[in-house]
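Undergrad: When you get a sec, could you give me coordinates for this:
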Amino acid sequence: MCGISGIKKLSKISNQEVEKLWANIDDRGRHACGVAWQWKDADKPQVFKQKGASTKAVEQG
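TA: Below is the predicted model of the structure:
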């Protein structure tokens with residue numbers, strides 16, 4: 001399984017908030033992780049994903 005998260009109607013976000021979110025979804029799976037968000041008035045969402053647990057992504061910064 002994978003740890004996938006998303007943020008809807010984003011105006012501002014800090015790195016600490018993303019790290020906390022990813023740390024909290026680690027129990028959903030450790031094969032891959034990702035997050036997507038869309039800035040207001042953006043044409044499409046920004047998607048970040050990688051192999052491995054979300055806690056590993058947090059450790060990498």
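Undergrad: longest helix anywhere in this structure?
TA: helix 15-24 (DSSP state H).
Undergrad: immediately after it, which helix or strand?
TA: Proceeding C-terminally, helix 15-24 gives way to strand 32-39 as the next helix or strand, assigned by DSSP states H and E.
Undergrad: What residues sit buried inside the longest helix of the chain?
TA: 18, 19, 21, 22, 23 (16 or more other C-beta atoms under 10 Å). To be clear about C-beta, it is placed using only N, CA and C from the backbone, and glycine gets the same treatment.
Undergrad: And the residues you listed, which is closest to residue 57?
TA: Of all those, the one with the least separation from residue 57 (C-beta to C-beta) is residue 22, at 5.9 Å.
Undergrad: Spatially, which residue comes closest to the closest one, not counting chain neighbours?
TA: residue 54 (3.9 Å; C-beta to C-beta, 6 or more residues apart in numbering).
Undergrad: tell me the angle the longest helix of the chain makes with strand 32-39.
TA: 140 degrees (axes from the mean of the first three to the mean of the last three C-alpha atoms, to 10 degrees).
Undergrad: In CSV, list the C-alpha atoms belonging to helix 15-24.
TA: Extracted in CSV, the C-alpha atoms of helix 15-24 (Å, rounded to 0.1, in the frame of the first residue of the first chain):
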residue,chain,number,x,y,z
ASN,A,15,7.3,22.7,5.1
GLN,A,16,6.6,21.7,8.7
GLU,A,17,2.9,21.2,7.9
VAL,A,18,3.8,18.9,4.9
GLU,A,19,6.3,17.0,7.1
LYS,A,20,3.7,16.5,9.8
LEU,A,21,1.1,15.3,7.2
TRP,A,22,3.5,12.8,5.7
ALA,A,23,4.6,11.6,9.1
ASN,A,24,1.0,10.9,10.0
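Undergrad: what's it packed up against?
TA: Packed against helix 15-24 by the contact rule (3 or more C-beta pairs under 8 Å, 6 or more residues apart in numbering; DSSP states H and E) you find strand 3-10, strand 32-39, helix 54-60.
Undergrad: coming back round to it: adding distance to residue 31 and pLDDT, write the buried residues of helix 15-24 out as TSV.
TA: Compiled in TSV, those are given as follows (distance: C-beta to C-beta, whole Å; pLDDT from 0 to 100):
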residue	distance to residue 31	pLDDT
18	20	73
19	20	76
21	18	75
22	14	72
23	17	76
